[in-house]
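Q: my questions concern the predicted model and sequence given below.
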Amino acid sequence: MSANRTERLLNLVICLLATRRWLTKDQVRHAVPQYTTSESPEAFDRMFERDKEDLRELGIPLVTGTDSTWFDDEIGYRIDRDAYALPEIEFTAPEMAILGLASKVWQEAGLAGPAARAMTKLRALGVETDDDTLVGVEPRIRTAEPAFAPLYTATRDKTPVTFQYRKPRDQTPTTRHLQPWGLANRGRWWYVVGHDLDRDAARVFRLSRIHGAVRRTAPPDSYRIPEGLDLHQIIAGPDPTDPRTATLRIRHDRCAALRLRATTVGPTDPDGWQELHLTIHDPDILAEQIVSAGPDAVLLTPPDLRSQVVARLWAVRRAHPHPVT
Amino acid sequence: MGVGATQRLSRLLAMVPWLLRQQGVPLAQAAGHFGITEQQLVKDLQLLFVCGTPGHLPDDLIEADWESGYVFLGNAPGLSRPLRLGVDEAVALLVGLRTLAEIPGLHDREAVESALVKISAAAGDARATADNLAVDLTSGVCESTLALIRGALRTRTRLHLRYLVPSRDETTERDISPIRLACFDGGWYLEGWCHEAEAVRLFRLDRVVELNLLDQDGTPPREAVRRDTADGLFVPSPDDTVVTLDLAPGAHWVAEYYPVEGVQELPGEVLRVRLRTSWPDWVPRLALRLGGQAHVLAPEHLAERAGDLAARALLAYGEQDPADHGPHGTYAPHGTHGVEQV
C-alpha cells in the first residue's frame, strides 16, 4: 500500500514539474493514474489534500495560481521549477562527515526524520563521506517529551498554544496560554520560552511538566517572535556567581569532589586534616556539597555560608533523630 | 505508513539525480551510498520504472535497467537535480551544526564552519526557525579531554583514567579501551572496556580527574558490547537495595532525576518513593545533600547512618546534639534558621 502511495506521489511530482501551465484539480486527477482509480470525487479530494501537504512538508515548492488565458478562474497547481532544486553547492568529504554527525544529534521523532531526509538529499550530490575522523563520537540530545514536536511546529508556524502545566509544588495542573518563541535544553531537560498570555509576560516552561496535549488556539503567523533572543541565557535565569573564596578543613583521605573544585589544598596536619580553598560560584550547590561530605568537611568561612551549612545539617538531623551510635 | 511513503519519495527524488550522473554504478555501491539494502534498491528501481509524465506510455516512463548488476537510468527530465531542503530538514542540520560548533575539541573546526556557511545558504527561510531552537551539549566538557578521547578512538589507543566516584568518595585508577564518546541526558560519557573490571563501563567526563594516553593498544575485546541506552543509563539488578524515601517539595527533583518506583503522594506535598541502588552507602550522603528535604524511611540502618553523620558533623561545628544531651522529644536547636522543615 505504501509503494502504491509513493508511486502516486512520484507521478504527481513529475506531472506538476513537467507542466508549463497551471493544472486544475480535475486535470491533475486525470494525469495521475493512481487518482483515476479513486472511488469518488470526495475520496480524490481527500487524497489530493493529503498529498499536497506531504509534498510541502518535503520542501517541494507547490504553488497555486491562475492563467490569464483561462476562461474560468479555477485555481491551478504546479511546482516552481526554479525553486525546486537544491542550490549548486559542493561539500567536501570532511564537511559531509560533520553534516552526518549533525544530523544524528536528533534521535527521536520530531527532527530525526527530517535530518535523515536532508542527508539523503545531500548524498545525491555525490560526495562520499569519510567517516574515520569521527568514529565513536556521538553528540546526541533526546527529545522524548511528547510536547516537543507540537511546540516546535508551533514555534515554527508562530501559532499560540494552550496546555496543562503542573509545577512541582502544585497538586493539580493549570491551563496555560502561550505564544511560543523558542525551545532550548538545559542538560537533559527541554524548556519552551514564550509570551505567557495569562500573565502577559515572558515565561519559561519545562516540557516534562506539560500534561496531555498541546493545542493550537489561532492560525499560523499570529504573532512575532522577538529577534536576538538568547534562549539558553533566558532559561538559565540570573547568574548565581559568588566570587568569594570559601575556606574548609577536610579529611586528608576524603572529599574527592571538593578537591576537584579546589584552588589550593594545604598540607596534612598531624590529626589528618587539610585546609582547602575554593571559589563559591553557586552558594546553594556548594552548601549541598559540603553537607553531603558529613563530618569529613568543615566550612570555616564565610560565616553566612557556614550558618547555612549548619542549618542544613540540623534539618537532616531532625529528619533522622536516631540515637548516635 | 504515511511517513514511510514520504520518506521513500524523498529518497527516490534524491536517488534519481545521483544515478543519472553515475550511469553503470554497481547495485551494491548505489545501495551503500543511500544506506539501503540491494533488495530495497531493486524495489525502488521497479517503482521508478513505472512512473513518468502524464500519458504514461512507454516513452513517458523513466527508463531503468539493472539486470546486469549495474544501474542505468534515463528519461527523467525535471528530476535531474536533488530537491531543495525542506524547512524542518534545514532546521535539523543547522541546529545540529551549531550545536557541534559549540563543542570544542570534538571535530575539525574548519569543516563545521564551512558546512554551516553552505547549509545556511541553502536553508532560506528556515534560518529564522533555526534561531528559535537551541541545543547545548557543552555541560561539563573540556576541550582537551574531548580531543584526547577522540584521538584515542581514532588510533585505538588505551587510556589511563583517574576517576571520581562521588557516591563512594573515592578516586579510582583505571585503564580503558575506548568504545565511544557519547552524550546521554545532556551529559558526556566515555564508554569503554575497563581492564580492571573486565567489563564495559560508562564514565562521566565531568568526574574525570586526570586522563592520559597509554602506549598500548586500545582495541576493545570482541565481547565488549556497547550498552543499549535507549531506556536510560540505569540497569536494575536483583542485588539492588530498595530504599524508601519521603521527599519534600525541595527534593521532588530526585523523583525525576533517579529512576524511582511506586510514587505515592502524601499530605503536605510529600512524595513517597522507592529507589533502587547497587551502592546503598550512597543513600545517607544523598540525605545529607538534600538538607532535610528528604527523609530516609527504610532500610533503618541507612536512616540511622544519615542521622549519625549529621550529628557528628554538627559536633565539628561546635553544635550540641540534643538527641544526646537535650531534653527528650525536642530537637529545636538554637541559632539555626532558614531551611524548611519536612
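A: In hand now; what should we look at? Residues are numbered from 1 along each chain as shown, chains lettered A, B, ... in the order given.

Q: longest single strand anywhere in the chain?
A: All of this refers to chain A. Counting residues, the longest strand in chain A under DSSP state E turns out to be strand A:174-186.

Q: please refer instead to chain B.
A: Assignment by DSSP E gives strand B:170-184 as the longest strand of chain B.

Q: in the stretch 1-150 of chain A, which spans are strands?
A: Under the criterion DSSP state E, counting those that start in this stretch, the stretch 1-150 of chain A contains strands at A:23-24, A:62-65, A:76-79, A:137-138.

Q: mean confidence for the third one?
A: Mean pLDDT, computed over strand A:76-79, is 93.

Q: could you break the chain into its assigned domains?
A: I'll assume chain A. Following automatic domain parsing, chain A resolves into domains at A:2-84, A:93-134, A:148-236, A:242-319.

Q: that's the other chain; I wanted chain B
A: In the recorded assignment (automatic domain parsing), chain B comprises B:2-74, B:87-130, B:143-217, B:241-316.

Q: for B:A303, find the nearest of the domains of chain A.
A: Nearest to B:A303, of all those, is domain A:242-319, at 8.7 Å by Cβ to Cβ. Quick note: C-beta positions are derived from backbone N, CA and C, even for glycine.

Q: and that closest one with chain B, contact?
A: Yes - for domain A:242-319, a contact with chain B is found by Cβ under 8 Å from any Cβ of the partner chain, at A:254-257, A:260, A:287-289, A:291-296, A:298, A:306-319.

Q: need the buried ones from these selected in ChimeraX.
A: To isolate the buried ones among those in ChimeraX, judged by 16 or more other Cβ atoms under 10 Å in any protein chain shown, type:
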select /A:254,255,256,257,287,288,289,291,292,293,294,295,296,298,306,307,308,309,310,311,312,313,314,315,316,317,318,319
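
Q: low-confidence bits of the stretch 51-200 of chain A, can you list those?
A: Of all residues in the stretch 51-200 of chain A, those with pLDDT under 70 make up the ranges A:68-73, A:109, A:130-133, A:168-171.

Q: follow-up on the earlier one: in CSV: the strands of the stretch 1-150 of chain A, plus distance to chain B and mean neighbour count.
A: Below are the strands of the stretch 1-150 of chain A laid out as CSV (distance: least, Cβ to the nearest Cβ, whole Å; neighbours: other Cβ atoms under 10 Å in any protein chain shown):
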stretch, distance to chain B, mean neighbour count
strand A:23-24, 9, 18
strand A:62-65, 12, 12
strand A:76-79, 9, 20
strand A:137-138, 4, 20
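
Q: for these, give me JSON lines that also has distance to B:N132.
A: What follows is these, written out as JSON lines (distance: least, Cβ to Cβ, whole Å):
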{"stretch": "strand A:23-24", "distance to B:N132": "36"}
{"stretch": "strand A:62-65", "distance to B:N132": "25"}
{"stretch": "strand A:76-79", "distance to B:N132": "28"}
{"stretch": "strand A:137-138", "distance to B:N132": "25"}
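
Q: B:G124 is nearest to which of these?
A: So among the strands of the stretch 1-150 of chain A, strand A:62-65 is nearest, using Cβ to Cβ, at 15.0 Å.

Q: the closest one packs against which elements?
A: Strand A:62-65 sits against helix A:41-57, strand A:76-79, with contacts defined as 3 or more Cβ pairs under 8 Å, 6 or more residues apart in numbering or on different chains; DSSP states H and E.

Q: winner for burial among those?
A: The highest average neighbour count among the helices and strands packed on strand A:62-65, using mean count of other Cβ atoms under 10 Å in any protein chain shown, belongs to strand A:76-79 at a mean of 20.

Q: which residue is the nearest non-sequential neighbour of A:R306?
A: Distances taken as Cβ to Cβ, 6 or more residues apart in numbering or on different chains place A:L299 nearest to A:R306, at 5.0 Å, with adjacent residues excluded.

Q: counting neighbours, what do you get for the one you found?
A: By other Cβ atoms under 10 Å in any protein chain shown, the residues close to A:L299 number 24.

Q: okay, the domains of chain B in a markdown table with mean neighbour count and distance to chain A next?
A: Shown next, in a markdown table, are the domains of chain B (neighbours: other Cβ atoms under 10 Å in any protein chain shown; distance: least, Cβ to the nearest Cβ, whole Å):
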| stretch | mean neighbour count | distance to chain A |
| --- | --- | --- |
| domain B:2-74 | 17 | 4 |
| domain B:87-130 | 21 | 3 |
| domain B:143-217 | 18 | 4 |
| domain B:241-316 | 19 | 2 |
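
Q: closest to A:P150 out of the ones you listed?
A: Nearest to A:P150, of all the domains of chain B, is domain B:87-130, at 13.4 Å by Cβ to Cβ.

Q: quick one: the closest one to chain centroid distance?
A: 20 Å (Cα atoms, centre = their mean, to the nearest Å).

Q: now do the same end-to-end measure for that domain.
A: With Cα to Cα, to the nearest Å as the measure, domain B:87-130 spans 9 Å from end to end.

Q: ok, then the element right after the longest helix along chain B?
A: The residue-count maximum for a helix in chain B (DSSP state H) belongs to helix B:2-21. Once the chain leaves helix B:2-21, the next helix or strand it forms, by DSSP states H and E, is strand B:25-26.

Q: just how off-centre is the helix or strand bottoming out on mean pLDDT in chain B within its chain?
A: Across the helices and strands of chain B, mean pLDDT, DSSP states H and E gives its lowest value to helix B:253-257, namely a mean of 81. Relative to the chain's own centre, helix B:253-257 is displaced by 18 Å; criterion: Cα atoms, centre = their mean.

Q: check which element follows it along the chain.
A: Using DSSP H and E, the helix or strand that follows helix B:253-257 towards the C-terminus is strand B:260-266.

Q: name every strand pairing with the very next helix or strand once past that following strand and say which way it goes.
A: Later in the chain than strand B:260-266, the nearest helix or strand by DSSP H and E is strand B:270-277. Paired with strand B:270-277 in the same sheet, following DSSP bridges, are strand B:241-247 (antiparallel), strand B:260-266 (antiparallel).

Q: which stretch in these has the least confidence?
A: Across those, the lowest-scoring stretch is strand B:260-266, with a mean of 87.

Q: distance between that strand and the chain's centre?
A: The gap between where strand B:260-266 is centred and where its chain is centred comes out at 27 Å by Cα atoms, centre = their mean.

Q: before we move on, back to that, right, and the residue nearest to A:R306 touches A:I250 too?
A: No - with contact defined as Cβ atoms under 8 Å, A:L299 does not count as touching A:I250 (9.9 Å).

Q: list the contacts of B:A126.
A: B:A126 makes contact with B:L85, B:V87, B:D88, B:E89, B:A90, B:V91, B:L94, according to Cβ atoms under 8 Å, 6 or more residues apart in numbering or on different chains.

Q: pick the one among those closest to A:Q27.
A: B:V87 (28.5 Å).

Q: tell me where the model's unsure across the stretch 201-325 of chain A.
A: For the stretch 201-325 of chain A, the stretches flagged by pLDDT under 70 are A:325.

Q: do you have the strands of it handy? List them.
A: Using DSSP E, counting those that start in this stretch, strands in the stretch 201-325 of chain A cover A:201-206, A:210-216, A:242-251, A:264-265, A:273-281, A:297-301.

Q: tell me the mean pLDDT over stretch B:16-35?
A: Averaged over stretch B:16-35, pLDDT sits at 92.

Q: for my notes, confirm A:H195 occurs in a helix.
A: No - counting by DSSP: H, G, I helix; E, B strand; the rest coil, one finds A:H195 to be strand, located in no helix.

Q: do you know how far it is from A:G182?
A: 11 Å (Cβ to Cβ, to the nearest Å).

Q: those two: which is more packed in?
A: Set side by side, A:H195 and A:G182 show more neighbours around A:G182, with 23 against 19, by other Cβ under 10 Å.
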